[in-house]
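> quick one, what's the 3D model for this:
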Amino acid sequence: RESGPEKTPYILEINARAAGGVCLGLHAGVNLPWLGICEALGRPLPDLQPLQEAAVVTRSGWDLATADPGTAQVAPAEVPNTYVLPTGRLVVRSRPSPWPLTSVIDVAARDNPRRGFLFVSRLLGKHLPVTPARMAAAHAALAQRLPRELPGPVLFVGLAETATGLGAGVAEAYAAGGREDVLFSHTTRHPPVGADNLAFEEAHSHAQAQVLCWPEREDVAARFAEARSLVVVDDELSTGRTAIALADALAPRLPALQRVVTASLVDMRPDDSPGEVVALVRASFEFEPNPGWSSAARHLSGLSELGAGQGLRRAGRLGRLGPWPLPDSLLNAALDRIGGMGSVRVIGTGECMHPAFVLGRALEGRGLRVTLQATTRSPILVGGAIASVITGADPFDERVAHFIYNASGAPAPVTLVLAEPGAGPGITVIAEALGASILVVPDA
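The predicted model follows:
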């Protein structure tokens, strides 16, 4: 509205229900409850930054793919969120961002003495069910934050197990922007027998050992060795040490390397942390462990070799020069199981996340309602973001527990579990508990 020579910003909130209005108001950068509290206490109302244009947020949600940090309304710093967990007390403070922190992550407690908390992503499709469309939007948003002028070839590496799918999705979104020199691999705890492994550690994990397998195909290995930029992709950074450990292990194999960037959905590192990082959201945290709590989880060396015919050898573990191709046989098998149903739940297994995402996007393209999540070896306590757990065994190591979180409750009309070639019977426990069909993903 015009007011003399200047424009005066006004808030127009149209929603009869407070729950919806509060959430959408936060998306638009306005903390309505805090304004109400200030007014009730007689405190001065915080200044509202004038909007360049009207901010319209609909029930369909915030469009991460088109949000531009240069023009979008930036939400003010949020009041610290405090979480009292069985493992300790966690305080999280968000930084100014176009994306409210609570729309990107939730919190749960790890069953892990090294780190008693977990930032549970609402965008990843791992511990919480997410639509593939929302995941694709997050991939695109993170890819857009990366510098377009990175010297090529650009090697993307997703960190196992949680970011194997995220890494592939961001790499493919970056390539879709016009780059034809994008390479991809992901780290693993299931290296193929005989692979040329570069070992490093994820210090805070219950299974610390990880490896990056150097490509066995000569053409792929030669292209990797030419990489001049390395992009390490993880779902969240709390210290950044895992990404640094990987870059250090990989650097001797990349003689032309000029630039290293870490890409993450959430950056929780201290301000003085080293390295070049891009993220959707920046925040900080403090954690005070509960001295009376002890973990019941068994801690692992973390590695289980895949024999001949096991695992998706070229879906990511041994490097890839282009997007992962969805086999017609997998799509047709999925459509056959879905039949005439209008919705489906797709579940990846462990490190096999990206094929589930690619299938989910294809099914969405056919008009189906799709949710996506994946199993994990990470032991997490029920509570907070974790409403339920079903326990099975790792598909490639029957000694290791394997979990699917937040998949109980009302059964989906159709549930498909995607397993890698050679997976053992451990995953069938989870599939049977969900009434799911198991589809084996062809090696590609």
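
> just the C-alphas of stretch 103-117, formatted as PDB.
The C-alpha coordinates for stretch 103-117 follow below in PDB (Å, rounded to 0.1, in the frame of the first residue of the first chain):
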ATOM      1  CA  SER A 103      10.600 -27.500   7.300                       C
ATOM      2  CA  VAL A 104      13.900 -29.100   6.400                       C
ATOM      3  CA  ILE A 105      14.800 -31.200   9.500                       C
ATOM      4  CA  ASP A 106      13.300 -32.700  12.600                       C
ATOM      5  CA  VAL A 107      15.200 -34.200  15.600                       C
ATOM      6  CA  ALA A 108      15.600 -37.700  17.100                       C
ATOM      7  CA  ALA A 109      17.900 -39.500  19.500                       C
ATOM      8  CA  ARG A 110      20.700 -41.800  18.200                       C
ATOM      9  CA  ASP A 111      21.400 -45.100  20.000                       C
ATOM     10  CA  ASN A 112      25.100 -44.200  19.800                       C
ATOM     11  CA  PRO A 113      27.500 -43.100  22.600                       C
ATOM     12  CA  ARG A 114      29.600 -41.100  20.100                       C
ATOM     13  CA  ARG A 115      26.700 -38.800  19.200                       C
ATOM     14  CA  GLY A 116      23.300 -38.900  21.000                       C
ATOM     15  CA  PHE A 117      21.200 -36.900  18.500                       C
END
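
> pLDDT averaged over it - what is it?
Per-residue confidence for stretch 103-117 averages out to 90 on the pLDDT scale.

> mind listing what's buried along it?
For stretch 103-117, the neighbour count (16 or more other Cβ atoms under 10 Å) marks 103-112, 115-117 as buried. Where C-beta positions appear, they are placed from N, C-alpha and C, glycine not excepted.

> which of those residues lies closest to R345?
Nearest to R345, judged by Cβ to Cβ, of the buried residues of stretch 103-117 is D106 at 19.5 Å.

> report the spatially nearest residue to the closest one, omitting neighbours in sequence.
Once flanking residues are discounted, D106 sits nearest to A385: 3.5 Å by Cβ to Cβ, 6 or more residues apart in numbering.

> filter the buried residues of stretch 103-117 down to just the ones in strands.
105-108 (DSSP state E).

> for E218, state which of those is nearest.
Of all these, the one sitting nearest E218 is I105; the distance, using Cβ to Cβ, is 41.5 Å.

> beta partners for the residue nearest to the closest one when sequence neighbours are not counted?
Beyond its immediate neighbours in the sequence, the residue positioned closest to I105 (Cβ to Cβ, 6+ apart) is F119, lying 4.6 Å away. Applying DSSP bridges to F119 gives these bridge partners: V107.

> how many neighbours does F119 have?
The criterion is other Cβ atoms under 10 Å. On that basis, F119 has 22 neighbouring residues.

> show the contacting residues for it.
F119 makes contact with 105-107, 235-236, 238, 266, 268, according to Cβ atoms under 8 Å, 6 or more residues apart in numbering.

> so how far is I427 from D397?
11 Å (Cβ to Cβ, to the nearest Å).

> ok, these two, which is more surrounded?
For D397 and I427, the more surrounded residue by other Cβ under 10 Å is I427, and the numbers stand at 26 against 20.

> that one: what secondary structure?
Classification of I427 into helix, strand or coil gives helix, according to DSSP: H, G, I helix; E, B strand; the rest coil.

> same check on the one 5 residues further on?
Here E432 is helix, with the state taken from three-state DSSP.

> count of residues packed around it?
There are 13 residues near E432, going by other Cβ under 10 Å.

> buried sites along the helix ranked longest in the chain?
In terms of residue count, the longest helix belonging to the chain (DSSP state H) is helix 132-145. Taking 16+ other Cβ under 10 Å as the neighbour-count basis, helix 132-145 is seen to contain the buried residues 132, 134-144.

> need the contact partners of the longest strand seen in the chain.
Among the elements of the chain assigned as strand by DSSP E, the one spanning the most residues is strand 276-289. With contact meaning Cβ under 8 Å, 6+ apart, strand 276-289 is reached by 64, 87-95, 97, 99, 101, 104-105, 115-117, 138, 141-142, 145-146, 237-238, 240, 259-270.
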